[in-house]
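Q: have a look at this fold, sequence not included:
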């Protein structure tokens, strides 16, 4: 892997130098090659599906492994969109005359070599590699083993189209063995960034086992907070979506905070709907007592939350933590302490409380009156995403093309020395052009 | 330290919420308090200078420790400039209607709690704390021990002015014991970013001993490359500046690359000037032979560079590595392999070679026909800098106000659920406002 990424690093400057036209031409060729190879791709996917069935993979996961005509159309449309997007690199974002004949430009450029480890979803391989091509980055791709056959033919198709249309030989590499993940983590110096997608434990493992910068998120402990001025019916609809629309997603709500003043009333509205959607509540003794007051069962031993720290639990299941708070400031404090800085929502009709929440909640996504499930590159209109970042450095939230770029400062001089400016014989005049 | 940074974290949301007016008012108060306390500050500095003298601190370092009327005026002017700069936070950098009643805003905000460990220069403490106030960040500051008395009174003056004018109690903390550095590195969760400034070994130590993101640079192996179309007299002037104007700086040139075609002629021009400036050359056998050909002495054993890896040496002294290359592509390869991605310059009159160099050299600063010493926040017109980053994530190059901010996505809804968009009953229409 070290040799592979070293060669990739050496080629990354050629990849970065490809013109916008060439990169878009490659994307078009990738799309056409995928459409042309459809039968072979579907056949490989059928084999993966059969293997998955033989291995008793649960049916919701099976759905993610499937790559059919519908998925192919979606990714082909995605590539078309990507071609239409503005070039993310070679953009001059600052142009400043420091003095006569001394011009400073800040220009966006690709990050270089990116290692991306992602879950078993064949469309993810296509989206990620297209984003890397558009942004001029080289990439090591490692997809989930459940779709090894589909991934192999997709990768070969994309790689061939890329190289035939001008990409350098080492623009992309597909890692297939699980052991290659650890090898990749060891490639400090030739790999500039690792983007892991997957379970909390997996992402934590990656973060703790490499010196290469890692972009992503380990857990998604998202909150929906019901303010005392909330429309409870709207709150209920949003809560059902945030909890159940896709339970296993990182942006699903794990904790419900309710203002004490409206807690009883709110639980009366929410409880039957939660039951109907098979959502199990966990909560404090206070919540349990309140449930009894409205004629429901209280919390059993397993559902009682006794320790504040237990609120830092990501269920990824039809389970919801519930806690009562005394207003927006306590809600903010709870979220900033026990949340994962991913996405959190307030439900309220009070604009001032909403603004306070948006201002002070320290998360990549801070929402008013909508579902936490909206945090997603496609839904934000980024075309696609390579992941969601909870880091506060570089990209935060859904990461699209822009998050795959950095910048450099180009300085055009005509013989200037620093000494001339230090001894006062010349002065900077800073003029932005 | 953990308790201190936890309290600071809790206060960071209040620091972030200060209005632009309040932050500028604090800066003004800081400036006035510094001017008012001048005599006490100078007295403290005299004590540091005396201690330094007693400890036989070399005179170039002594110059850095000095804080006098001239330095006070410079930092006061710097604060005035900072007050005049546009607010780096609460800027709406994206405003997108995703659908009717569903508005996405990307808004810049402070990073939160920043730990900054810096060298013995009292003016650095003032610059760094002013940048943090302007950008709404809380900061733990640890300055060099040689100016402990000056730092203490400067910090107290700044802190008092900040808190009296609206900053929260835990907006700033001055670490004074060396042991507090390790304690600070252990504050993952409450400290968002560490910015270390200092020696290569020190910065490496920091990078290897914390889970907190680190922004900065360990070494500065900068190159000046003399292309065959260079004006050799201009090249010579630039080289003297890049090597000798401030030898200990990270952006001083450590390696001279010369096109083989003009090497003899170039060395004839450079050698006497380098001698005059007491610069010792180190180089390959080929360079040694060439020196003999022009009637100079060749390299002695100590000055001969036999291993390519030795070119990755940062001298921070009047020593210059010299290597011959066959054109711009080999120069780029050398720089990308042995450099530190900090700042590198090409000297040429050929525009095409210059553009290739700027495009493919993988450094924060890529220069044409000027000194590598220009890479600096003040010289770029950023007002001041907290450091220079060689990372490709987040800020790259000199880091000013912008590098101290991140952003969050605020989403304003009116009851929207993801399911409505998933099942097709609603569609996004993405309209940038």
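A: Everything's here; your move. From a predicted model like this one, the values you see are computed outputs, not experimental measurements. Numbering: from 1, shown residues only, chains lettered A, B, ... in the order given.

Q: please, where are all the strands along the stretch 301-433 of chain A?
A: With DSSP state E, counting those that start in this stretch, the ranges of strands along the stretch 301-433 of chain A come out as A:319-325, A:343-347, A:365-370, A:387-389, A:397-399, A:405-416, A:431-432.

Q: helices and strands around the last one, which ones?
A: Right, the one you point to is strand A:431-432. Secondary-structure packing of strand A:431-432 (3 or more C-beta pairs under 8 Å, 6 or more residues apart in numbering or on different chains; DSSP states H and E): strand A:92-99. C-beta: built from backbone N, CA, C; applies to glycine.

Q: what residues sit buried inside the strand it packs on?
A: Neighbour counts using 16 or more other C-beta atoms under 10 Å in any protein chain shown place A:96-99 of strand A:92-99 among the buried residues.

Q: sheet-wise, list the partners of that strand with their directions.
A: With DSSP bridges as the test, strand A:92-99 is paired with strand A:102-110 (antiparallel), strand A:431-432 (antiparallel).

Q: how about JSON lines for the ones you listed, with mean neighbour count and mean pLDDT added?
A: Converted to JSON lines, the strands paired with strand A:92-99 look like this (neighbours: other C-beta atoms under 10 Å in any protein chain shown; pLDDT from 0 to 100):
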{"stretch": "strand A:102-110", "mean neighbour count": "21", "mean pLDDT": "95"}
{"stretch": "strand A:431-432", "mean neighbour count": "11", "mean pLDDT": "90"}
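
Q: returning to what we had before: would JSON lines of the buried residues of strand A:92-99 with pLDDT be doable?
A: Output for the buried residues of strand A:92-99, formatted as JSON lines (pLDDT from 0 to 100):
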{"residue": "A:96", "pLDDT": "94"}
{"residue": "A:97", "pLDDT": "94"}
{"residue": "A:98", "pLDDT": "94"}
{"residue": "A:99", "pLDDT": "94"}
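
Q: that older thread, nearest to residue A:324, of the strands paired with strand A:92-99?
A: Checking the strands paired with strand A:92-99 against residue A:324 by C-beta to C-beta gives strand A:102-110 as the closest, at 47.3 Å.

Q: neighbouring contacts of the very next helix or strand once past that closest one?
A: Note on strand A:102-110: by DSSP states H and E, the next helix or strand toward the C-terminus is strand A:113-117. The contact list for strand A:113-117 (C-beta atoms under 8 Å, 6 or more residues apart in numbering or on different chains) reads A:5, A:8-9, A:12, A:128, A:132, A:137-142, A:181, A:184, A:187, A:190-198, A:206, A:212, A:386, A:404.

Q: now find how far off-centre strand A:113-117 is within its chain.
A: Mean C-alpha position of strand A:113-117 versus that of the full chain (C-alpha atoms, centre = their mean, to the nearest Å) differs by 14 Å.

Q: is whichever helix or strand comes after it anywhere near chain B?
A: Downstream of strand A:113-117, the first helix or strand assigned by DSSP H and E is helix A:122-134. No: judged by C-beta under 8 Å from any C-beta of the partner chain, helix A:122-134 stays clear of chain B, getting no closer than 14.8 Å.

Q: tilt between helix A:122-134 and strand A:113-117?
A: 170 degrees (axes from the mean of the first three to the mean of the last three C-alpha atoms, to 10 degrees).

Q: wait, what's in contact with the closest residue to chain B within the stretch 201-350 of chain A?
A: Residue nearest to chain B within the stretch 201-350 of chain A: residue A:241 (3.5 Å; C-beta to the nearest C-beta). By C-beta under 8 Å, 6+ apart, residue A:241 lies in contact with A:371, A:373, B:417-419.

Q: what's the answer for residue A:398, then?
A: Taking C-beta under 8 Å, 6+ apart, we find residue A:398 in contact with A:375-377, A:380, A:382, A:385, A:387-388.

Q: now do the end-to-end distance for stretch A:191-202.
A: Stretch A:191-202 has an end-to-end distance of 19 Å (C-alpha to C-alpha, to the nearest Å).

Q: buried ones in that stretch, by neighbour count?
A: Result for stretch A:191-202 [16+ other C-beta under 10 Å]: buried residues A:191-198, A:200.

Q: swap in stretch A:114-123?
A: Buried, per 16+ other C-beta under 10 Å, within stretch A:114-123: A:114-123.

Q: which one of those residues sits closest to chain B?
A: Nearest to chain B among the buried residues of stretch A:114-123, with distances taken as C-beta to the nearest C-beta, is residue A:114, at 10.4 Å.

Q: could you dump the contacts of residue A:241 to TSV with neighbour count and distance to residue A:362?
A: Shown next, in TSV, are these (neighbours: other C-beta atoms under 10 Å in any protein chain shown; distance: C-beta to C-beta, whole Å):
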residue	neighbour count	distance to residue A:362
A:371	31	20
A:373	29	20
B:417	23	25
B:418	24	23
B:419	17	28
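
Q: and the helices in the stretch 151-300 of chain A?
A: In the stretch 151-300 of chain A, the segments counted as helices under DSSP state H, counting those that start in this stretch are A:179-185, A:200-208, A:232-244, A:263-276, A:285-293.

Q: run through who's touching the second one.
A: Which is helix A:200-208. Around helix A:200-208, the neighbours that count as contacts under C-beta under 8 Å, 6+ apart are A:117, A:181, A:185, A:194, A:196-197, A:214, A:216-219, A:314.

Q: and the angle from it to strand A:113-117?
A: 160 degrees.

Q: could you do the fourth one as well?
A: Computed with the same axes, to 10 degrees, the direction of helix A:263-276 lies at 80 degrees from that of strand A:113-117.

Q: so what touches helix A:263-276?
A: Against helix A:263-276 from outside (C-beta under 8 Å, 6+ apart): A:226, A:230, A:232-233, A:235-236, A:239-240, A:243, A:256, A:258, A:281, A:287, A:290-291, A:293-294, A:296, A:320, A:324.

Q: show me which of these are buried.
A: Buried residues within the contacts of helix A:263-276, counting neighbours by 16+ other C-beta under 10 Å: A:226, A:230, A:232, A:235-236, A:239-240, A:243, A:256, A:258, A:281, A:287, A:290-291, A:320, A:324.

Q: which residues sit in contact with the nearest residue to residue A:81 once chain neighbours are set aside?
A: Of all residues not flanking residue A:81 in the chain, residue A:383 sits nearest, at 5.0 Å (C-beta to C-beta, 6 or more residues apart in numbering or on different chains). Each residue near residue A:383 by C-beta under 8 Å, 6+ apart is listed here: A:78, A:81-82, A:85, A:131, A:377, A:400-401.

Q: doesn't residue A:65 make contact with residue A:49?
A: Yes: counting by C-beta atoms under 8 Å, residue A:49 does reach residue A:65; the two are 6.2 Å apart.

Q: tell me the helices and strands packed up against the helix or strand in which residue A:78 is found.
A: Element membership for residue A:78 (DSSP H and E) is helix A:69-84. Contact partners of helix A:69-84 among helices and strands, from 3+ C-beta pairs under 8 Å, 6+ apart: helix A:20-36, helix A:38-54, helix A:122-134.

Q: I'd like those helices written out as TSV, with mean pLDDT added.
A: TSV is the format used below for these (pLDDT from 0 to 100):
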stretch	mean pLDDT
helix A:20-36	97
helix A:38-54	94
helix A:122-134	93
